[in-house]
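Chemist: Predicted model and sequence below, questions to follow.
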Amino acid sequence: MTYLLDTHTIIWAGNEDRRLSATARAVLADESSVFLVSAASAWEIATKVRRGKLPEAVSLEANFLQSMSDAGFALIPVTVEDALRSGRLQGAHRDPWDRMIAAQSLGLDIPVLSNDAKLDTFGVRRLW
């Protein structure tokens, strides 16, 4: 199965954070799964590290490409289609990164591995 990882899932997986659910841990440990990481997550991490809002991800941000490669995560770009889909999503949730993750999940028709229930308002398949 293929999954799109939400930004916090990437960070928590790298830190083996206890906030990862048992389901998320099992999915991440499944060697037959494919994990995608959006360019939007790189943007979110870099922005929040620069602003001092994500101190636990300073090392991850500095070594992002290598960290994703080491974890076996595949990087995906943000396309014009993704941007249009994100902008057209109905709902009050305004976070641009969450909207993009939702748009990509919907466009690729794959579940997103996330604890963020706000994504459900966009009709994504979310696993946690």
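Modeler: Nice, I can see it. Residues are numbered from 1 along each chain as shown.

Chemist: Please name the residues that touch residue 64.
Modeler: 42, 45-46 (CB atoms under 8 Å, 6 or more residues apart in numbering). Placement of C-beta: from N, CA and C, glycine included.

Chemist: Show me where this protein has its helices.
Modeler: 7-15, 22-29, 39-50, 58-62, 64-71, 80-88, 96-108 (DSSP state H).

Chemist: who touches residue 57 in this structure?
Modeler: Contacts of residue 57 (CB under 8 Å, 6+ apart): 11, 45, 48-49.

Chemist: As CSV, the residues you listed with distance to residue 119 and neighbour count would be great.
Modeler: Formatted as CSV, those follow (distance: CB to CB, whole Å; neighbours: other CB atoms under 10 Å):
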residue, distance to residue 119, neighbour count
11, 16, 21
45, 18, 21
48, 18, 17
49, 23, 19
